[in-house]
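Novice: test case, fold it:
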Amino acid sequence: MPRFSVVIPLYNKENFIEATLKSVSEQSFQDFEILVVNDCATDTSLEVVKSVTDPRIRVIQHKKNKGLSASRNTGIRNASAPYIAFLDADDLWKPNFLEAMNHLIEKFGDTASLFASTYEIILSNGKKTTLPFPKLEVTQEGIIPRFFETSLGYNYYCMSSICAKKSLFEDVGYFDEKINYSEDVDFNIRVNLKHQVALLNEPLVTLNFVSENQITQSHLKGKVIPDYQFYEVQNPNHKALKKYLDFHRYVKAKLLKMEHAKGPYRQLKSEIDFNNLNWKQRLLLRLPNAVLKLIFKGKRFLLKNGVNVSSYS
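Specialist: Model prediction:
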């Protein structure tokens with residue numbers, strides 16, 4: 001039995017998947033299997049995978065396109081290792097990622113169920129940059145304290161930088177296959193309500209910010225987002241969770257406003273306690289749509305060129 005099962009959902013990433021697989025095959029820690037879940041890719045992604053020579057690669061084929069969450073769930077159900085790591089098909093691991101995860105498991109495995117590193121993003125100009133985590137209370141490595149209070153901004157880890165005990169999914173549930181936007185937020189809520197996360201404050205994963213079909217695309221209209229109200233009702237006295245939920249409502253409401261989705265925008269906005277937002281966030285939700293769009297385009301342009309401007313702090 002391998003130590004890790006590496007789950008890679010695959011859908012139309014022919015220009016990236018070879019480099020992604022190479023970053024796994026060249027890990028300093030070599031005790032793993034690779035499960036590539038082909039979600040009915042329509043390009044040559046599958047052919048590229050089959051051209052890579054590594055006996056640890058196993059391809060699992062969906063009969064129809066099911067989406068990212070379903071692909072991850074398929075990987076979990078077919079994993080033979082006690083620890084499952086996820087890697088999107090256009091992201092890259094540093095050579096010591098699995099070695100670092102194994103270290104976290106050995107040091108914090110009695111208390112934590114999820115293990116992670118921070119990450120960097122590669123920009124359209126080819127440069128790499130990290131995102132600011134001003135409230136992160138883990139200087140080097142350790143259990144993340146007060147997750148809901150401190151992660152009101154960019155998340156400390158991403159889905160390509162985590163490793164979980166397989167048993168975790170039996171406790172908190174698998175990825176919600178109905179959700180097709182912010183699946184990671186829904187998962188993080190369930191995990192951090194019941195379990196602890198051990199974090200290495202070192203960027204061992206590179207996210208491809210300019211990849212086609214990148215999951216960070218802003219279009220939200222018509223998508224299914226997490227049911228924030230459900231978690232609020234289930235945890236009525238959890239003030240930190242309420243603030244975390246309101247932050248994510250703010251993020252989605254801002255996008256919906258720019259997309260002229262008036263009904264969903266008004267619904268999300270009505271659920272927000274504006275005392276949980278900072279002054280910049282309250283101002284942005286009140287701005288005319290044209291001004292908000294201009295600010296958003298400018299922010300994305302600056303971020304793609306290595307300058308981060310955010311309303312998160």
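
Novice: residue 137 falls within a strand, correct?
Specialist: No - under DSSP: H, G, I helix; E, B strand; the rest coil, residue 137 sits outside any strand and is assigned coil.

Novice: identify the residues contacting it.
Specialist: By Cβ atoms under 8 Å, 6 or more residues apart in numbering, the contact set of residue 137 is 144, 145, 146, 150. Quick note: C-beta positions are derived from backbone N, CA and C, even for glycine.

Novice: ok, now which ones touch the nearest residue to residue 62 once chain neighbours are set aside?
Specialist: Of all residues not flanking residue 62 in the chain, residue 39 sits nearest, at 5.1 Å (Cβ to Cβ, 6 or more residues apart in numbering). Counting by Cβ under 8 Å, 6+ apart, residue 39 makes contact with 9, 10, 11, 62, 65, 66, 67, 68, 70, 71.

Novice: confidence score at residue 39?
Specialist: Per-residue confidence (pLDDT) for residue 39: 98.

Novice: distance of it relative to residue 154?
Specialist: 27 Å (Cβ to Cβ, to the nearest Å).

Novice: so in this structure, which strand runs the longest?
Specialist: Longest among the strand segments of the chain by residue count, using DSSP state E, is strand 196-208.

Novice: distance-wise, check the residue nearest to residue 62 relative to residue 194.
Specialist: Taking Cβ to Cβ, one finds residue 39 at 29 Å from residue 194.

Novice: next one: residue 220
Specialist: For residue 220 relative to residue 194 (Cβ to Cβ), the value is 28 Å.

Novice: ok, those two, which is more surrounded?
Specialist: residue 220 (20 against 10; other Cβ atoms under 10 Å).

Novice: ok so the more buried one is a strand residue?
Specialist: No - counting by three-state DSSP, residue 220 is not found in a strand; it is coil.

Novice: pLDDT wise, what is the closest residue to it other than its chain neighbours at?
Specialist: Nearest non-adjacent residue to residue 220, counting by Cβ to Cβ, 6+ apart: residue 255, 4.4 Å away. Per-residue pLDDT puts residue 255 at 93.

Novice: which strands and helices lie in contact with the helix or strand hosting residue 255?
Specialist: Residue 255 is part of helix 239-258, with elements assigned from DSSP states H and E. Packing contacts for helix 239-258, counted by 3 or more Cβ pairs under 8 Å, 6 or more residues apart in numbering; DSSP states H and E, involve helix 147-150, helix 183-194, helix 228-234, helix 262-270, helix 279-286, helix 289-304.

Novice: mean pLDDT and distance to residue 47 for those helices - can I get that in CSV?
Specialist: Formatted as CSV, the helices and strands packed on helix 239-258 follow (pLDDT from 0 to 100; distance: least, Cβ to Cβ, whole Å):
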stretch, mean pLDDT, distance to residue 47
helix 147-150, 94, 41
helix 183-194, 97, 27
helix 228-234, 98, 41
helix 262-270, 95, 40
helix 279-286, 93, 45
helix 289-304, 82, 31
